[in-house]
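Student: Sequence isn't available, so here's the structure alone:
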């Protein structure tokens, strides 16, 4: 699976949240792709196929909470943080 193959379902409220947090849908796809291909995701609600995934993109770590259905990946929320340890 590649980020281009991932079909996102993003509601208006989540779109607004992503915009406020400066997280692009392309970044969300990359995080989900990493989680799905590497199997590195946490179950939030196993019976609902709801997951929490994270990936470091540059100096930013992005977290995405999502679930899956036959139409693709439903994004519930996302957030990020920047951190740099050591000398600049």
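Tutor: On my side now, so go ahead. Owing to the predicted nature of the structure, the values given are computational and were not obtained by experimental measurement.
Student: use CA for all of it now, contacts and neighbours both
Tutor: OK.
Student: got the contact list for the one helix or strand in the chain whose mean pLDDT sits lowest?
Tutor: Lowest by mean pLDDT, DSSP states H and E among the helices and strands of the chain is strand 41-45, with a mean of 79. Contacts to strand 41-45, defined as CA atoms under 8 Å, 6 or more residues apart in numbering, come from residues 35, 49-54.
Student: partners of that strand in the sheet?
Tutor: strand 50-57 (antiparallel) (DSSP bridges).
Student: For the helix or strand following the strand it pairs with, what is the distance to the chain centroid?
Tutor: Using DSSP states H and E, the helix or strand that directly follows strand 50-57 along the chain is strand 60-69. Between the centre of strand 60-69 and the centre of its host chain there is 3 Å, according to CA atoms, centre = their mean, to the nearest Å.
Student: helix or strand right after strand 60-69?
Tutor: strand 72-82.
Student: Give me the mean pLDDT for that following strand.
Tutor: The average pLDDT for strand 72-82 rounds to 94.
Student: which of the residues in it are buried?
Tutor: 73-80 (16 or more other CA atoms under 10 Å).
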